[in-house]
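Peer 1: Here's a sequence, model it:
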Amino acid sequence: MQTSAIPYRVADFLKEHPPFQFLDEADLLALAAHGRVKFHESDEYICWQASPHTPFIYVIQQGSVLLWDESTDPPTLRDIRGAGDTIGIERFNGSLTNAYSVKSASDVLLYALRAEDLEPLVARHPQAAQYVAAYSAVTTDYKASSDRTQPHEIFLADLLSDSTPVRCSASTPIREAARLLQDSGVEALALTNGGDVVALLTTADLLQWIAAGAVNPEQPAQSIASASYLAVALQTSVSACILAMAESSANAAAIAEDGSQHSTLHGIVTASLLTPAFGDHPLTILQQIASAPTVQALRALHERARSWMLENLTLAALDWLSAFADLLNRRIVERLLQLSGNDRSDRLLCFYGAAGRSELLTRVAPSIAIVGEQIPALQNQLAECGYRPSEPPAFGSLSEWKSRFSGWIRDPIQTESYLAHAFLDLSRVHGPAPLFDQLQSHIRSELAAEPAFLQILAHDCLSNLPPLTFFRDLVIEESGEESATFRLEISALQPLVEVARVFSLASGNPLGASTRLRFEAARRFLPAQEAIFREAAETVRVVLFHQARAGLRLRTSGAELPLSTLSRHDRQVLKSGFRSIHNLLELMQRRDWLEAL
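Peer 2: So this is what the prediction gives:
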């Protein structure tokens, strides 16, 4: 082959792999024209740990290399890289020296590209820059390409038309207020007193009044409006507004200048106003769940909700979609209790495990703990609603639950408490809050009386390790075992969850906090370890995203997924996450953190 053809051959290879696939072809040709081809036999050093970078970025064309951490005794294998992977690209993230020594594991052919030529090209292309950043740290700012703006990126101000909100005096008779609603074509109007909005009257309020007998249509409209109303700021995101309306069970909310009930009214938000931000509408789904007449109707609404979640799932949207999924699970359980006549006010229902942490985005049924009598039909009803089976609801009296927790904490070996760790993620779903507070206070007092339990809990965190790396569509475990399946939940999510739980219990946080919130709290308690906890929190988001995406697509738990379903970018971000998990486990193993809390 003629020498002039070599740059084209190199460019053709590069454009099949990130970050080069994001660069212009002319730039790739120029880059290749100034590069070199290098060959290494097996077991040769390509670069040395802690030595300055060479002027080149190396791209593996064929063969494989091993990355060794030689600061440990004996040296530790940290990664395996093959065709299409790069060596030395970490310099673009601020690294002045090689993080590891790199040795060839076979005969290796490398393309050596001048770093000074590549760096400005990467800086000009955001997708290339995001991929390069993933070589050094967990990055959660990349997203799948989509032309549609996401709900968390749209503000209520963007949805308002030029029309002014319809309003009338709070003393206006119901008959006249109803006519005003009909004539204006709106779903809600503002009731005012002395210029201030004091209530919102919705069509739902009128229907409820009519259903109750429509007594005295001449009475003031305020008498049938909700006793309190929700006000949200003009710059509230659509996602935040939905969660606020769902939490308060509001059919409408006042869009006020600064979110207070006494600031300037700009409009009234109802489900229909939010429709342009969505295909289906999550708020409408939640509202319909509250009045679903049968379990079959609940199943259809559940399916709609999961389909909508998959359509809107991105890394940036994960936090609020997790909160939405939690509301969805709670609303369905509450409606099932109502339909079966089991919504007794003296019985406490809690979520635990992933559902207790608001981290259950797939169709797996939430794990339920009941303080009170068993509800035999609940598990079957959840299955009829389209949930995948999980553990049967656990139940018992308050004294029985206190006794269980005392046993797990005071005698963890005999009671096999490692099987019950998920119960330390309790969050209340239905029933008396004082009952939940009593149980939580008892758990806290037992933990304070038995500090050794936290050390046992910390030791148990070390039983699951992340994989060593991904290589040629295989997961390489620390033991050397190879698999085409990534055990996401066991090897990546579970270590993060368990470590965060230990720090949360040690610092006195509420039981049902999410893993990311627990790491954020740990950052405040242990500021010297801030970087470790920040990286761990970002890793949690990445892992939960992949679990949700796989679970919602395949209608599974998302606990395991074929490695072939992950892009090279996904794999690189996850590999950085593995490093953050190792750093977290090493911190946990030192135990000096316990004295600092």
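Peer 1: Doesn't Ala325 belong to a helix?
Peer 2: Yes - assessed with DSSP: H, G, I helix; E, B strand; the rest coil, Ala325 lies in a helix.
Peer 1: Make sure it is actually in contact with Asn312.
Peer 2: No - taking contacts as Cβ atoms under 8 Å, Ala325 lies outside contact range of Asn312: 11.5 Å. Where you see a C-beta, it was placed from the backbone N, CA and C, and this is true even at glycine.
Peer 1: Below-threshold pLDDT in this protein: ranges please.
Peer 2: Applying pLDDT under 70 to the chain flags the ranges 1-5, 139-148, 161-163, 594-597.
Peer 1: Quick check, central residue of it?
Peer 2: The centroid of the chain falls nearest to Leu318 when counting by Cα atoms, centre = their mean (4.1 Å).
Peer 1: Quick check, that residue in contact with Ala548.
Peer 2: Yes - Leu318 lies in contact with Ala548 (Cβ under 8 Å); the separation is 7.3 Å.
Peer 1: Could you list every helix and strand in contact with the helix or strand hosting Ala550?
Peer 2: In the assignment (DSSP states H and E), Ala550 maps to helix 530-554. If you count contacts as 3 or more Cβ pairs under 8 Å, 6 or more residues apart in numbering; DSSP states H and E, helix 530-554 packs onto helix 295-312, helix 318-339, helix 488, helix 494-506, helix 515-525, strand 561-562, helix 568-590.
Peer 1: mind running it again at 7 Å?
Peer 2: Contacts defined by 3 or more Cβ pairs under 7 Å, 6 or more residues apart in numbering; DSSP states H and E place helix 530-554 against helix 295-312, helix 318-339, helix 488, helix 494-506, helix 515-525, helix 568-590.
Peer 1: Can you tell me which of those helices is nearest to Ala354?
Peer 2: Nearest to Ala354 among the helices and strands packed on helix 530-554 is helix 494-506; the distance by Cβ to Cβ comes to 8.2 Å.
Peer 1: now the closest residue to Leu398 other than its chain neighbours, what's its secondary structure?
Peer 2: Spatially, and ignoring its direct neighbours in sequence, Leu398 is nearest to Val371 (5.4 Å; Cβ to Cβ, 6 or more residues apart in numbering). When classified by three-state DSSP, Val371 comes out as strand.
Peer 1: what sits against Val371?
Peer 2: Val371 makes contacts with Leu348, Leu398, Trp401, Leu435, Leu439, as judged by Cβ atoms under 7 Å, 6 or more residues apart in numbering.
Peer 1: mind checking how far Phe471 is from Gly84?
Peer 2: Computed as Cβ to Cβ, to the nearest Å, the Phe471 to Gly84 distance reads 11 Å.
Peer 1: on that earlier part again, separation between the residue nearest to Leu398 and Leu339?
Peer 2: Computed with Cβ to Cβ, the distance linking Val371 and Leu339 is 21 Å.
Peer 1: Likewise for Ser403?
Peer 2: Relative to Leu339, and taking Cβ to Cβ, Ser403 is found at 33 Å.
Peer 1: and what of Glu218?
Peer 2: Distance from Glu218 to Leu339, by Cβ to Cβ: 38 Å.
Peer 1: More neighbours: which of these two?
Peer 2: Neighbour totals were compared for Glu218 and Leu339, and Leu339 leads with 17 against 8 (other Cβ atoms under 10 Å).
Peer 1: Domain boundaries for this structure, per the record?
Peer 2: As given by automatic domain parsing, the domain ranges for the chain are 3-133, 151-277, 282-399+425-433, 454-596.
Peer 1: Kindly reformat these as CSV containing distance to Gln414.
Peer 2: What follows is the domains of the chain, written out as CSV (distance: least, Cβ to Cβ, whole Å):
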stretch, distance to Gln414
domain 3-133, 37
domain 151-277, 42
domain 282-399+425-433, 19
domain 454-596, 12
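Peer 1: right, so of those, which gets closest to Gly407?
Peer 2: domain 282-399+425-433 (12.4 Å).
Peer 1: and the end-to-end length of the closest one?
Peer 2: Chord length of domain 282-399+425-433, first to last residue, is 27 Å (Cα to Cα, to the nearest Å).
Peer 1: next one: stretch 244-256
Peer 2: This stretch, stretch 244-256, spans 14 Å end to end (Cα to Cα).
Peer 1: who's in contact with it?
Peer 2: For stretch 244-256, the external contacting residues (Cβ under 7 Å, 6+ apart) are 156, 160, 187-188, 190, 197, 200, 202, 204, 229-234, 241, 263-270, 283, 286, 327.
Peer 1: just the buried members of those?
Peer 2: Neighbour-count burial (16 or more other Cβ atoms under 10 Å) is assigned, among those, to 156, 160, 187-188, 190, 197, 200, 202, 229-234, 241, 263, 265-270, 283, 286, 327.
Peer 1: List the ones among those residues that fall in helices.
Peer 2: Judged by DSSP state H, the buried ones among the contacts of stretch 244-256 include Leu156, Cys241, Leu283, Leu286, Leu327 as members of helices.
Peer 1: Tabulate those (CSV), appending distance to Val497.
Peer 2: Listed next are these as CSV, based on distance: Cβ to Cβ, whole Å:
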residue, distance to Val497
Leu156, 35
Cys241, 30
Leu283, 30
Leu286, 27
Leu327, 21
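Peer 1: Would you check which pair of these lies furthest apart?
Peer 2: Within those, Leu156 and Leu327 form the most distant pair, 19.4 Å apart (Cβ to Cβ).
Peer 1: from the contacts of stretch 244-256, which ones fall inside strands?
Peer 2: 188, 190, 197, 200, 202, 230-233, 265-269 (DSSP state E).
Peer 1: any idea which of those is the one closest to Glu391?
Peer 2: Leu230 (36.2 Å).
Peer 1: Noted, bye for now.
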